[in-house]
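1. Following is a predicted model, sequence given first.
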Amino acid sequence: MAGYPTEAELERRLDAWAEADPIEARAELQRELSRALGASLKLVKPLPSNRALVLQFLLAFAACAAVVIAILDKVGIHAMTVAQVGGMTAILASGGVFFSLDLVSRMIPGNRIELPFLFGLALVLLGVAAAIALLFPWRMPAAFVAEGWPCAVLELAIAIPAAAMAWAMARRGALFASPGLGAALLAPAVCLALMADQAQCMFLQAPHLLLWHGGTAAGLIAAGAVIGRIMTRRRSL
């Protein structure tokens, strides 16, 4: 019929389109991806160096610890011996340094992690437990629960806002939700809370300190890991 291509012409055109379409599609796809990526890009403020970030975390937590201890009673400081004050302070300060380093490594993807978090966490927790067991007397208080639960509540009241502060500082980087991140955010906050709780506590017996101070700290870190796991699952849905 006049005006319509022949069968041979149709086949020739189809073959040409079949050869040309993938190239055009790829070019169009590249243009669409470039537009989408360009629209999603935002200006960001460069992060300081790792050393500067660690120093910021340490200064923030040291300042918070000083303020909280200044506000609370300092019965525990006056009742402890030099060895007790020095031992607990050294272990908790070392934990704060390690956990700050770990948080900074999580803020910047590709950062080398010198010491695995779980290994460092185990060292800190065992160090705290060993210091309490060796430095403080093993006497069971008469009112074990009545004397213990206020210390646990105080530790919670200090650690939760401190963890929120750690989150506000760490979210400047590229954090990825994980159980490790949840525990890493609670761990330095727990070190701060333990330091403040120890400074005001008048019940300096090893059973009290191990359960109500150390046990609460371990529970908080475990809760952080659970929260991190829940957030990971929600993002994967």
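-> Nice, thanks for sending it over. Numbers count the residues shown, from 1 in each chain.
2. what comes up buried for the host helix or strand of residue 52?
-> For residue 52, the host element (DSSP states H and E) is helix 50-71. Within helix 50-71, the residues scored as buried using 16 or more other CB atoms under 10 Å are 53-54, 57-58, 60-61, 64-65, 68-69. Bear in mind the C-beta positions are built from the backbone N, C-alpha and C, glycine included.
3. same deal with stretch 168-177?
-> 169-170, 173, 175, 177.
4. who are the neighbours in contact with residue 75?
-> Residue 75 sits next to 200-202 when contact means CB atoms under 8 Å, 6 or more residues apart in numbering.
5. should've said residue 115
-> By CB under 8 Å, 6+ apart, residue 115 lies in contact with 98, 101-102.
6. Now for those residues, which sits with the most neighbours around it?
-> residue 102 (24 neighbours; other CB atoms under 10 Å).
7. Of the contacts of residue 75, keep whichever come out buried.
-> Counted by 16+ other CB under 10 Å, the contacts of residue 75 give 200-201 as buried.
8. just the contacts of residue 75 now: which is nearest residue 183?
-> Each of the contacts of residue 75 was scored against residue 183 by CB to CB, and residue 201 proved nearest at 24.6 Å.
9. host element of the closest residue to that closest one other than its chain neighbours?
-> In space, and not counting its chain neighbours, residue 201 is closest to residue 76: 4.5 Å by CB to CB, 6 or more residues apart in numbering. Applying DSSP H and E as the criterion places residue 76 in helix 75-79.
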